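J.: here's a sequence, model it:
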Amino acid sequence: MNSKPAIVFDLGGVLIDWNPRHLYRKIFNDDEAAMERFLAEVCTPEWNAKQDKGRSLADATEALIAAYPAEEPLIRAFYDRWPEMLSGAIEGTVEILARLKEADYRLSALSNWSAETYPHARRRFEFFDWFDHVVISGEVGLVKPDCAIFDHLLAKAERSAAECVFIDDSPGNVAAAAGFGFDTIHFQSPSQLSDELMNRGIF
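T.: Below is the predicted model:
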């Protein structure tokens, strides 16, 4: 076993503040109820998750418009204006990532993300260069919490699950990773993450 664990980061919600509400609050003029109805009933997380697994944005958009033709302009905005959903980096976590890189920890990213939208973030955030491996679900056709994507990551990292600390903001992903054998941290804030890493002797 390696003396230092590899550290595996989720991206959205951990290192990057991605949220469709950053865009749709503008479109709905801060009508929170109307926005939440639209995101719960039309451009749902379940619909978006299929793009994370590899469905094309064009096919996803046209299928949803066929089901909700009256909502076409709002649906098209989801991917036409997708970069507006990225409000920026979560700076406290980026600082932690930088400290880990400086301390020569092996760093991986494992994220459910469309292969077509990921390049927008990849160009914007230079910290992607700090990772030894980045696994994007839409590029490999696998999604968390499926065990197959954990296998894929570990093969690239050349580590066992027991040699990795897995950080994610999704309780479901954290539970699946724990069951797979990872040491897991359910991310809630940069300060909480820092404390969890300190408790493990990593900082």
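J.: phi, psi for residue 7 please.
T.: With angles defined as degrees, to the nearest 10, residue 7 sits at phi -110, psi 120.
J.: now the one 5 residues further on
T.: Comment: the main-chain dihedrals of residue 12 come out as phi -70, psi 130, following degrees, to the nearest 10.
J.: check residue 134 too.
T.: phi -130, psi 120.
J.: and it, bridged to which residues?
T.: With DSSP bridges applied, residue 134 shows beta-bridge pairing to residue 109.
J.: show the model's pLDDT score for the residue lying closest to residue 171 once chain neighbours are set aside.
T.: What sits nearest to residue 171 in space, not counting adjacent residues and going by Cβ to Cβ, 6 or more residues apart in numbering, is residue 186, at 6.2 Å. The way it works is simple: take the backbone N, C-alpha and C, and place the C-beta from them, glycine included. pLDDT for residue 186: 98.
J.: now do the contacts for residue 186.
T.: By Cβ atoms under 8 Å, 6 or more residues apart in numbering, the contact set of residue 186 is 168, 169, 171, 174.
J.: got it, and residue 12?
T.: Counting by Cβ under 8 Å, 6+ apart, residue 12 makes contact with 18, 111, 112, 113, 169.
J.: now the residues you listed as TSV including pLDDT?
T.: TSV is the format used below for the contacts of residue 12 (pLDDT from 0 to 100):
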residue	pLDDT
18	96
111	98
112	97
113	97
169	97
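J.: just flag the most distant two among the residues you listed.
T.: Of all pairs drawn from these, the greatest distance, 13.7 Å, lies between 113 and 169 (Cβ to Cβ).
J.: more neighbours, these two?
T.: Comparing residue 113 with residue 169 by other Cβ atoms under 10 Å, the one with more neighbours is residue 113, at 25 against 17.
J.: for the nearest residue to the more buried one once chain neighbours are set aside, give me the pLDDT.
T.: Nearest residue to residue 113 in three dimensions, chain neighbours excluded: residue 136, at 5.0 Å (Cβ to Cβ, 6+ apart). Predicted confidence (pLDDT) for residue 136: 98.
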